[in-house]
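> Have a look; sequence and predicted model below, questions after that.
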Amino acid sequence: MENSPYDPAQIEAGRLLFSGNIDFVLGAREMSQIPTGNIPEVAFAGRSNVGKSSLLNALTGRKQLARTSHTPGRTREVNFFNVSGRLMLADLPGYGYAKAPKAEIMGWTRLIEDYLRGRVQLRRCCLLIDSRHGLKDTDLTAMAMMDQAAQNYQVILTKCDKVKPGPLQKLLDETHKVLAKHPAAHPEIFCTSAHDAIGIAQLRAALASLAETP
């Protein structure tokens, strides 16, 4: 299973960062509501019900930092969380939820596009992919949008506890081939499980490397 090795010092730095104060800042429905400031920022994007809220809760060690729901499309704004004053996390609305009103979907999409293009402090966008299903057309559309915005993004496979090692490795190989064709894609892929804490410590370490130095 992928997840590049991180040394004990990097793992500890990630643990310390995410065990500190983590505060909900606000939920923005339009660009004028996006919080100001210049601390480094990491966004989380993905299809509806891909497990963004569960992953954020696992990363931060909080059970209800981000609300989880079995109902797709629950997150309808960009929710911001301040991590110890050193890193901002942005939970983007899930895409690909066809049952939402079209006007609402257009509004979310426009907000996400404007945010990705105009957020100077955004260091990386974590693109979550359900490991049971792999890349879908909506994911490829999101990747093309981030390529166009020249926004660095990294694929995070979720729910890896539900996939056997053979199929998971096949998915990794196929995803690497796709990412090689996208100029803004980070080459490293994370395999994670919020349920079993797979890859969580490593992802914390990677995100801590993007945060402001204490």
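It's in.

> pLDDT score assigned to residue 101?
For residue 101, the pLDDT comes out at 69.

> Residue 150 too?
90.

> same question, residue 27
Reading off the model, residue 27 has pLDDT 89.

> And the pLDDT for the nearest residue to it once chain neighbours are set aside?
Of all residues not flanking residue 27 in the chain, residue 77 sits nearest, at 4.1 Å (CB to CB, 6 or more residues apart in numbering). No exception for glycine: its C-beta is placed from N, CA and C like everyone else's. Looking at residue 77, its pLDDT reads 82.

> Is it correct that residue 77 is in contact with residue 31?
No - using CB atoms under 8 Å, residue 77 is not in contact with residue 31; the gap is 11.7 Å.

> Which residues are in contact with each of these two?
Shared contacts of residue 77 and residue 31 (CB atoms under 8 Å, 6 or more residues apart in numbering): residue 111.

> Spit out the contact partners of residue 27.
Residues in contact with residue 27, defined by CB under 8 Å, 6+ apart, are 77, 78, 79, 80.

> Helix, strand, or coil at it?
Three-state assignment for residue 27 (DSSP: H, G, I helix; E, B strand; the rest coil): strand.

> Now do the strands in the protein.
22-28, 41-46, 78-83, 87-91, 122-130, 153-158, 190-191 (DSSP state E).

> In JSON lines, list those along with distance to residue 175.
Formatted as JSON lines, the strands of the chain follow (distance: least, CB to CB, whole Å):
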{"stretch": "strand 22-28", "distance to residue 175": "30"}
{"stretch": "strand 41-46", "distance to residue 175": "14"}
{"stretch": "strand 78-83", "distance to residue 175": "26"}
{"stretch": "strand 87-91", "distance to residue 175": "23"}
{"stretch": "strand 122-130", "distance to residue 175": "7"}
{"stretch": "strand 153-158", "distance to residue 175": "6"}
{"stretch": "strand 190-191", "distance to residue 175": "10"}
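
> Tell me which of these lies nearest to residue 178.
Nearest to residue 178, of all the strands of the chain, is strand 153-158, at 9.0 Å by CB to CB.

> what does the closest one rub up against?
45-46, 50-51, 54-55, 124-131, 143, 146, 168, 171-172, 175, 179, 184-186, 188-194, 203.

> Filter these down to the buried ones, PyMOL style.
Buried residues among the contacts of strand 153-158 (16 or more other CB atoms under 10 Å), as a PyMOL selection:
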select buried, resi 45+46+50+51+54+55+124+125+126+127+128+129+130+131+143+146+168+171+172+175+179+184+185+186+189+190+191+192+193+194+203
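
> Is the residue lying closest to residue 51 once chain neighbours are set aside bridged to anything, and to what?
For residue 51, ignoring the flanking residues on the chain, the nearest one in space by CB to CB, 6+ apart is residue 158 at 4.1 Å. For residue 158, the beta-bridge partners under DSSP bridges are residue 130.
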